[in-house]
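1. with the input below, show me the fold.
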Amino acid sequence: MADEKQACDCPDCVGGTADPGRMLADLIEDAATLAETEDPLDAELAGAFFVALAQSDGDASLTAFADALVPAVEARGTRAALTLLAAISAVAGDEPGSVAAAARAAAERLVGAGVAAPAWADRLAQPLTAGPFTRMYDAEDTMSVLIGVFQRAGRGHALVIVVDHENCGAADEIYLVGEDELPTLVAGIHQNARGDGVTIKTKTLNAPEFRWYAEQALEIRADHDAEDGPAESPEDLDLVDEDGPGYAPLAVLTRSRLATLPPARRPRGAVASPHAGNRIPLDVLQQFAALIGRSGGLGAPGPDLPSQRRRQPAKLPAKRKKSNGPAPAYQLKVSLRGAKPPIWRRLLVPGDITLNRLHHALLAAFGWHGGHLHVFDTDYGQFGRADRDLGHRSDGPVTLEQVAHGVTDKFRYTYDFGDNWEHEILVEKVTPADPSLEYPLCTGGRRAAPPDDCGGIWGYQELIEILADPAHEEHRDRLEWLGLTDASRFNPATFDLEQVNQQLRSAR
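-> All right, here's what the predicted structure looks like:
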C-alpha cells in the first residue's frame, strides 16, 4: 500500500538518476500545448525558461544544451519539436555556436521538411515596438525602478526592473505586467510613497539610456550570482516562483528585448553604482519591491498593492440643495508643486462644479493632454477614476464645495502617476457668482506649463537645460519631440492668459 501512495517518481524521490529520454518526452509534450497558443509572449517565456536552464552551469552547460538537447529535439520531427526550437531561438542570443543559432537552424530544417509552424509564429514575426521608458528613484538614490514598455501584434507588456543601489546597483527583481496594468502599478508606488514620506522622482529615458541602465543592473546581478557559485538545488536557479517565471527566465527575456534597442548610451551624469559597504538598517529596496507585488504574468489580476497608511478620511458632507440658492464662485490658486520658479494659475469656478469637471478645467489650464490617471487628495478621501485597489472613489458626483468649504482650504490634485504632476489648490476667495461671467475662467498665472510626458518636474528642468544648450547631444532630439524647429520658440517664462482661457472655453 505504501508503494501505491508514492506521490512522485522523480530521481530525487525514488533514488537513481534521471532518464534523459523521459525528460525529453516531457519537454516535447509540454511544447505540444504551447504550439496552440496565440500569444508569442507565452512562447518567448517558455524559450526563456530553457535558455535560463541552459545557462545555469556556465559554458559547459550551454555547449551540452546546443550539442545534445537541440539535435535530440529536432530528431523528433514533430510540430511540438519545432515549437520548442522556435521558442528557444526567439529569446537566446545570435552569437555563432550559441543555443539560439543551433535551435534556429534546427527549426529551419524542420520547416523545410514540411512541419507546420506553431500558431504564434506569424505574430512573433511582426515587428516589436518599444517605449516609453521610465526610471523612478527615491530622493536618496538608494533604489530605482526601470520600466520599459514593448508592443507586438496589438499586445503590450512592460518589464519592470527593481535595482538595488545598496547592492552595487544589481537588479534585484524583474516583473512582467500587462501594459494596461502599468498605470495602476505606478499609481500604487506613488501613493504608498507619499503615505510613507518617501519622495519618488521620475525621469523619462530614451531607448539607449534605458538599455544602459538595464544592462548595467543585469550584468552586476550576473557577477554576483557567479560569485555565489553554482546552484546547489533546482530552487536556487530561480527559474520559477509561486507567481510565475522567476528572475532567471525574465532576465533572459529582458536581454532579448534590450537587444532590439539601439546601442546603449550612458545618460549624462550617470555613473556605475559603487559597491556598497554596510547596508543601512532600513532597506528601502524591500519596501519598494513590496509596493510593486507580482502580477503573475499577462492576463493575471493586477499587482497586490498594500493599502496606504493614512488617517481615516472625514465623512463627505452632503451636496448643495436647490433650497440653498445658487452656488458661489470660488477663486482658486493652483500651483504646480516643486516648480522653481513657481508655475501657477488663478481660476474662477462655480462652487458646485464636480471634481471631474474641475479635473478637465485643470487639464485645460495647464495644457495637459488628459491621457493619464488623476486623483484629488482631500480631507474626505481620494477622488478620481473609481479604483478599489487604489482606494479612489469616483470624482463624478462629488462637488468642489463638498471638499473645500471656505477661504484658506487646501487640497491636492495629481495628474499622471508616472510624471507625478502634483498641484496644490488653495481657496483664495468665495464670492457670489457673477451671472455675466462664464466659468471656469482664468484671471492670472505665471510661466508656461511643462509639456505632457516630459518626465515630471525634474525632467522638465532637464528639458529646459538641454534646449538652452545647442551643443547638448540631445538638443536636436528634444526639439523634434516638441515639434519645434528652433529653441527660441520654447519660452518657459511665457504665460498666455488668452490662450489659457481659449483652452478653458473649449473644455466647457
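2. as a check, name the ranges of all helices in the stretch 201-350 of the chain.
-> Ranges of helices in the stretch 201-350 of the chain, per DSSP state H, counting those that start in this stretch, are 207-227, 247-258, 284-292.
3. nearest to Gly154, of these?
-> With respect to Gly154, and counting by Cβ to Cβ, the nearest of these is helix 247-258 at 17.5 Å. Every C-beta, even on glycine, is put in place using the N, C-alpha and C of the backbone.
4. okay, the helices of the stretch 201-350 of the chain, which one's buried deepest?
-> With neighbours taken as mean count of other Cβ atoms under 10 Å, the helices of the stretch 201-350 of the chain reach their highest mean count in helix 247-258, at a mean of 23.
5. quick one: list the elements packing against it.
-> Judged by 3 or more Cβ pairs under 8 Å, 6 or more residues apart in numbering; DSSP states H and E, helix 247-258 is in contact with helix 40-54, helix 79-91, strand 155-164, strand 170-178, helix 207-227.
6. mind listing what the residue nearest in space to the middle of the chain touches?
-> The geometric centre of the chain, computed from its C-alpha atoms, lies nearest to Ile147 (Cα atoms, centre = their mean), at 4.2 Å. Residues in contact with Ile147 (Cβ atoms under 8 Å, 6 or more residues apart in numbering) are 133-136, 158-161, 182, 186.
7. state the phi and psi torsions of it.
-> Dihedral pair for Ile147: phi -130, psi 120, per degrees, to the nearest 10.
8. list the contacts of the nearest residue to it once chain neighbours are set aside.
-> Distances taken as Cβ to Cβ, 6 or more residues apart in numbering place Thr134 nearest to Ile147, at 4.4 Å, with adjacent residues excluded. Listed by Cβ under 8 Å, 6+ apart, the contact partners of Thr134 are 146-147, 202-205, 418, 455.
9. got the buried residues for the strand or helix carrying Glu465?
-> Secondary-structure assignment from DSSP states H and E places Glu465 in helix 456-467. Of all the residues in helix 456-467, those buried under the rule 16 or more other Cβ atoms under 10 Å are 456-463, 466-467.
10. extract the C-alpha set from that helix and format it as PDB.
-> Extracted in PDB, the C-alpha atoms of helix 456-467 (Å, rounded to 0.1, in the frame of the first residue of the first chain):
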ATOM      1  CA  GLY A 456       7.900  65.200 -14.200                       C
ATOM      2  CA  ILE A 457       9.200  68.400 -12.700                       C
ATOM      3  CA  TRP A 458      12.800  67.100 -12.700                       C
ATOM      4  CA  GLY A 459      12.500  66.000 -16.300                       C
ATOM      5  CA  TYR A 460      11.100  69.400 -17.200                       C
ATOM      6  CA  GLN A 461      14.100  71.200 -15.500                       C
ATOM      7  CA  GLU A 462      16.400  69.000 -17.500                       C
ATOM      8  CA  LEU A 463      14.500  69.700 -20.700                       C
ATOM      9  CA  ILE A 464      14.900  73.500 -20.200                       C
ATOM     10  CA  GLU A 465      18.700  73.000 -19.700                       C
ATOM     11  CA  ILE A 466      19.000  70.900 -22.900                       C
ATOM     12  CA  LEU A 467      17.000  73.300 -25.000                       C
END
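11. what's that helix packed up against?
-> If you count contacts as 3+ Cβ pairs under 8 Å, 6+ apart, helix 456-467 packs onto strand 200-205, helix 475-482.
12. mind checking how far that helix is from the chain centre?
-> 21 Å (Cα atoms, centre = their mean, to the nearest Å).
13. and whichever strand or helix holds Arg135, which residues are buried?
-> Here Arg135 sits within strand 129-138, counting by DSSP H and E. Residues of strand 129-138 classed as buried by neighbour count (16+ other Cβ under 10 Å): 130, 132-138.
14. now the strands: where do they sit in the stretch 1-150 of the chain?
-> Here the stretch 1-150 of the chain has its strands, by DSSP state E, counting those that start in this stretch, at 129-138, 143-152.
15. tabulate those (CSV), appending mean pLDDT.
-> Below are these laid out as CSV (pLDDT from 0 to 100):
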stretch, mean pLDDT
strand 129-138, 89
strand 143-152, 92
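16. Leu332 is nearest to which of the ones you listed?
-> When those are compared by Cβ to Cβ, strand 129-138 sits nearest Leu332, at 29.7 Å.
17. what strands line up against the closest one, and which way round?
-> Paired neighbours of strand 129-138 in the sheet (DSSP bridges): strand 143-152 (antiparallel), strand 200-205 (antiparallel).
18. show me what counts as buried in the longest one.
-> What that stands for is strand 143-152. By neighbour count with 16+ other Cβ under 10 Å, strand 143-152 contains the buried residues 143-150, 152.
19. Arg257 contacts Leu159, correct?
-> Yes - using Cβ atoms under 8 Å, Arg257 is in contact with Leu159, at 6.3 Å.
20. just name the shakiest helix or strand of the chain by mean pLDDT.
-> Least confident helix or strand, the chain: helix 284-292 with a mean of 38, by mean pLDDT, DSSP states H and E.
21. quick one on the thing from earlier: what touches both of Arg257 and Leu159?
-> Common neighbours of Arg257 and Leu159, using Cβ under 8 Å, 6+ apart, are 148, 150.
22. can you list the low-confidence ranges for this protein?
-> 1-28, 30, 56-67, 92-98, 228-238, 240-243, 269, 271-311 (pLDDT under 70).
23. thinking again about what came up before, now the helices of the stretch 201-350 of the chain as JSON lines including distance to Val427?
-> Below are these laid out as JSON lines (distance: least, Cβ to Cβ, whole Å):
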{"stretch": "helix 207-227", "distance to Val427": "42"}
{"stretch": "helix 247-258", "distance to Val427": "48"}
{"stretch": "helix 284-292", "distance to Val427": "33"}
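24. right, and the ones you listed - which one's nearest His165?
-> Nearest of these to His165, taken as Cβ to Cβ: helix 284-292 at 8.1 Å.
25. distance between the ends of stretch 339-357?
-> End-to-end span of stretch 339-357 (Cα to Cα, to the nearest Å): 25 Å.
26. ok, back up a step: so what touches the helix holding Glu465?
-> Contacts of helix 456-467 (Cβ under 8 Å, 6+ apart): 201-204, 336-339, 418-421, 450-451, 454-455, 472, 474-475, 478-479, 487, 490, 492.
27. now the residues you listed: which count as buried?
-> 201-204, 336, 338-339, 418-421, 450-451, 454-455, 474, 478-479, 487, 490, 492.
28. so which elements touch the helix or strand harbouring Val500?
-> With elements taken from DSSP H and E, the one containing Val500 is helix 497-507. Using 3+ Cβ pairs under 8 Å, 6+ apart, the elements in contact with helix 497-507 are helix 355-366, strand 441-446.
29. show me the contact partners of that helix.
-> Under the criterion Cβ under 8 Å, 6+ apart, residues 345, 360-361, 363-365, 367, 438, 440-445 lie in contact with helix 497-507.
30. report the buried residues of it.
-> By 16+ other Cβ under 10 Å, the buried positions in helix 497-507 come out as 500-501, 503-504.
31. tell me what angle it forms with strand 441-446.
-> Interaxial angle of helix 497-507 relative to strand 441-446 (axes from the mean of the first three to the mean of the last three Cα atoms, to 10 degrees): 140 degrees.
32. domain map for the protein?
-> If you go by automatic domain parsing, the domain ranges for the chain are 20-125, 129-275+282-292, 322-448+493-507.
33. and the longest one, how far out from the chain's middle?
-> The one in question is domain 129-275+282-292. 9 Å.
34. dump the residue contacts of Lys223.
-> Heads up, residue 223 is Asp, not Lys. Ala170.
35. how near is it to Asn167?
-> For Asp223, the distance to Asn167 (Cβ to Cβ, to the nearest Å) stands at 11 Å.
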